[in-house]
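Asks: Got a sequence here, can you build the structure:
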Amino acid sequence: MTHLTIQSNLSLNNFLFKSSETLELNGITALFGPSGSGKTTLLRILAGLEDRATGFVSYEKEIWQDTKNRTFLPPYARRIGYVFQDGRLFSHLTVEENLRYSCKRAHKNLEKKKIIDFIEAVESLELKNLLRRHPNSLSGGEQQRVAIGRALLQSPQLLLMDEPLSALDLKRKAEIIPYIENVASHFQIPILYVTHNIEEATRLANRMILLSSGRIVASGEIGEILERADLWPLTGRLEAGALLQATVGLTKEGMTHLLIGKEILKIPAVNIQPKTKTRLRVQAKEVAIATELPAHLSIRNILTARLLSIDIEGATFAELLLDVGGQHLRSRVTREAVHELQLKKGQKVYALIKSVSFEGCLFT
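Replies: Residues are numbered from 1 along each chain as shown. I've put the predicted structure just below:
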């Protein structure tokens, strides 16, 4: 686990960013929050691009900024790779020349043993066939792969990604995401990943940092953050739910079976090898409840569950927390349903989920 300390203040017009946190980074950490919450500002402070910021910033044992002692490391000295929304490639250079530019900077500022190998980076992002082309001849997804490669070849100790997939459609996103995962795992570089897309966050991230109005309001394992009802105004009430860990089983009649303990969850067929560990987000609004085992239904998923808690929400709805195979699942139902079904804590129930709820989802 890598530790990042940011005790920083930055005033920009009518916006104030203020943080006094020590954060744990492991693999990919999603920076999530509404527009204007301070996600990009946080990245810029870490990258050394906001010299008006005051306070203290350190990464592991290395001090990047200490205003009291007049310490401020310039961006190149922090060993940070930055991937922007638009790639920002040099249009007059070929892909290889764009990548070599980063290599030159790394060779100039780093010891040889810390430098990421050019061929290894190219192979990990499958850029070999693009090396002679110019950025304007590439698709949006190809440009972002090159941008990731350029950031990687700076041989960073931390990668910052500011909504790198925001301009891509769902198909292109699905193509790029495995490359980002591979960079994090293969090169063992922590990634701070800004996104407004909850599907991206749950697919990519192990941890989440939640921001609001220039403050970090929560950080921790992503499943724990998304499950917290007190944070739903920020994570999205309609997006609220839970993350389930599963093992991929067989695919039959166009449906892939996911094993959750002794329970089976069926989803539209995905191209993932059996026995692969995966996770998926189940929205609370997609989970219905039955007190008896139903029959003659088109719904394919009927999971045995135990009711852990009932939280009444306003005049209309109730939030249920369920245990399914030792994991948590959320369900949003009406207060009327709670009353008529006589739901009680500890009760055995059945969670009903339509398979089509997962159509088009991004799976790990």
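
Asks: Now do the helices in the stretch 201-350 of the chain.
Replies: 222-227, 232-235, 335-341 (DSSP state H, counting those that start in this stretch).

Asks: Beyond the lengthiest helix in the chain, next helix or strand please.
Replies: Scanning the chain for the longest helix, with DSSP state H as the assignment, gives helix 170-186. Following helix 170-186 in sequence order, the next helix or strand is strand 191-194 (DSSP states H and E).

Asks: strands paired with that next one, and their directions?
Replies: Applying DSSP bridges, strand 191-194 is found paired with strand 28-32 (parallel), strand 158-162 (parallel).

Asks: chain center to that strand, what's the gap?
Replies: Here strand 191-194 shows a centroid-to-chain-centroid distance of 7 Å under the convention Cα atoms, centre = their mean, to the nearest Å.

Asks: Residues in contact with it: which ones?
Replies: By Cβ atoms under 8 Å, 6 or more residues apart in numbering, the surrounding residues in contact with strand 191-194 are 25, 27-31, 39-40, 42-43, 46, 158-164, 180, 183-184, 200-201, 204-205, 209. To be clear about C-beta, it is placed using only N, CA and C from the backbone, and glycine gets the same treatment.

Asks: and Glu24, that's in a strand?
Replies: Yes: assignment of Glu24 by DSSP: H, G, I helix; E, B strand; the rest coil places it within a strand.

Asks: quick one, what contacts it?
Replies: Met1, Thr2, His3, Leu4, Arg207, Ser219.

Asks: With mean pLDDT, mean neighbour count and distance to Asp66 added, can I get the strands paired with strand 191-194 in JSON lines?
Replies: Listed next are these as JSON lines, based on pLDDT from 0 to 100; neighbours: other Cβ atoms under 10 Å; distance: least, Cβ to Cβ, whole Å:
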{"stretch": "strand 28-32", "mean pLDDT": "95", "mean neighbour count": "26", "distance to Asp66": "23"}
{"stretch": "strand 158-162", "mean pLDDT": "96", "mean neighbour count": "23", "distance to Asp66": "18"}
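
Asks: could I get these as CSV with distance to Arg79?
Replies: Below are the strands paired with strand 191-194 laid out as CSV (distance: least, Cβ to Cβ, whole Å):
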stretch, distance to Arg79
strand 28-32, 17
strand 158-162, 7
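
Asks: Nearest to Val333 among those strands would be which one?
Replies: Checking these against Val333 by Cβ to Cβ gives strand 28-32 as the closest, at 26.4 Å.

Asks: Sketch out the low-pLDDT regions of the stretch 251-364 of the chain for me.
Replies: Applying pLDDT under 70 to the stretch 251-364 of the chain flags residues 359-364.

Asks: again with the stretch 101-250 of the chain
Replies: Filtered on pLDDT under 70, the stretch 101-250 of the chain yields the residue ranges 106-113, 237-239.

Asks: swap the cut-off to 90 and go again
Replies: 102-115, 166-175, 178, 196-203, 222-245 (pLDDT under 90).

Asks: Which stretches in it count as strands?
Replies: 158-162, 191-194, 207-212, 215-221, 241-252 (DSSP state E, counting those that start in this stretch).

Asks: repeat for the stretch 251-364 of the chain
Replies: Under the criterion DSSP E, counting those that start in this stretch, strands of the stretch 251-364 of the chain are mapped to 255-260, 263-268, 277-283, 287-290, 301-313, 317-324, 327-334, 348-353.

Asks: in the third one, what's buried?
Replies: By neighbour count, and taking 16 or more other Cβ atoms under 10 Å as the criterion, the buried residues in strand 277-283 are Thr278, Arg279, Leu280, Arg281, Val282, Gln283.

Asks: tell me the angle of that strand relative to strand 317-324?
Replies: Counting by axes from the mean of the first three to the mean of the last three Cα atoms, to 10 degrees, strand 277-283 points 160 degrees away from the direction of strand 317-324.

Asks: And strand 277-283, how far out from the chain middle?
Replies: 13 Å.

Asks: Sheet partners, orientation included, of it?
Replies: Using DSSP bridges, the strands paired with strand 277-283 in its sheet are strand 241-252 (antiparallel).

Asks: what's next to the partner strand, contact-wise?
Replies: With Cβ under 8 Å, 6+ apart as the test, strand 241-252 has contacts from 202, 222-223, 226-227, 256-260, 264-265, 269-270, 272-287, 324, 327-330.

Asks: chain center to it, what's the gap?
Replies: Strand 241-252 has its C-alpha centroid displaced from the chain centroid by 18 Å (Cα atoms, centre = their mean).

Asks: quick one: that strand to strand 327-334, angle?
Replies: Using the same axes, to 10 degrees: strand 241-252 against strand 327-334 is 110 degrees.

Asks: quick one: buried residues of strand 241-252?
Replies: Neighbour-count burial for strand 241-252 flags Gly241, Ala242, Leu243, Leu244, Gln245, Ala246, Val248, Gly249, Thr251 (criterion: 16+ other Cβ under 10 Å).
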